[in-house]
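In: Structure here, sequence nowhere to be found:
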């Protein structure tokens, strides 16, 4: 049975070539397998970087929960405003005020 | 051409996630924006300060679902715009009608988006806030406004003068931070 594969040729320095051989030997795989895994990881990482935020998945999780709890948009946004004010008071207000005081002349 | 980069306020992000449909099942404005995001019509750039608020809301209002939500967002934490420094927050304070908005304003400046997206008209669309966004080369839009930018709505009566102190003539009656539901489907000058 034949497997459809494509062949690519890459040029590396002798030093990297030695290191790759050693890395493959350490993992008990061929140099080809090592290179394929590295290339697959690279492609996967690139595609993850380009992914959108999972808003649709979050929505599928939270929209039914809000509906079940009869939570209205107005209630949630009002609560979000309260959260903003609480975070401001707890995390930012004093440090920003201290910074502002330092900047004032005299 | 790169897609438009949009920095959402926490309120619109919550509306997109939690209220994409109204009670009849029709998409809300937030839901329409979410659909466009799914189609890569624009990019979202999220601030760590916004994510902090989102996390607090999840913790308090959706405690059972928070672990799953956090695990969904975890791979994206490195892409969040950093927290603003006290210096950066102090610099934007004069433009904020409520000081608690300052970390979000400062985060938006750090993110350098094309558009700041908020339906909180009393915070993000005031004359001083608009002057601030303009100074930083950032447009500020509501959900309806973003749909106009993306060609899904028309700015009715755009040639008419807007009411001083508000983005649209209907807005002075809106309570702070509760604009999204009220704006739904009928934003624009009357």
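Out: Noted; the coordinates are in hand. Keep in mind the model is a prediction, meaning the values are calculated, not measured.

In: How about the contacts made by residue B:44?
Out: For residue B:44, the contacting residues are A:52, A:53, A:55, B:5, B:6, B:7, B:8, B:37, by Cβ atoms under 8 Å, 6 or more residues apart in numbering or on different chains. For the C-beta atoms, the positions are set from N, CA and C on the backbone; glycine is no exception.

In: Roughly how far does the third one sit from residue B:69?
Out: Translated: residue A:55. 11 Å (Cβ to Cβ, to the nearest Å).

In: my guess is residue B:17 contacts residue A:59, does it?
Out: Yes. In this structure, residue B:17 is within contact of residue A:59 by Cβ atoms under 8 Å, at 4.9 Å.

In: anything in contact with each of those two?
Out: Between them, residue B:17 and residue A:59 share these contacting residues under Cβ under 8 Å, 6+ apart: residue B:34.

In: When those two are compared, which one has more neighbours?
Out: residue B:17 (26 against 20; other Cβ atoms under 10 Å in any protein chain shown).

In: Identify the residue of chain A closest to chain B, quick one.
Out: Chain B sits closest to residue A:88 of chain A, with a gap of 3.6 Å, by Cβ to the nearest Cβ.

In: Need phi/psi at that residue.
Out: For residue A:88, the backbone dihedrals (degrees, to the nearest 10) come out as phi -60, psi -50.

In: Excluding chain neighbours, what is closest to it?
Out: Using Cβ to Cβ, 6 or more residues apart in numbering or on different chains and skipping residues adjacent in sequence, the residue nearest residue A:88 is residue B:100, 3.6 Å away.

In: Could you tell me how many residues sit around that neighbour?
Out: For residue B:100, the neighbour count with other Cβ under 10 Å is 20.

In: likewise residue B:35?
Out: For residue B:35, using other Cβ under 10 Å, the count is 15.
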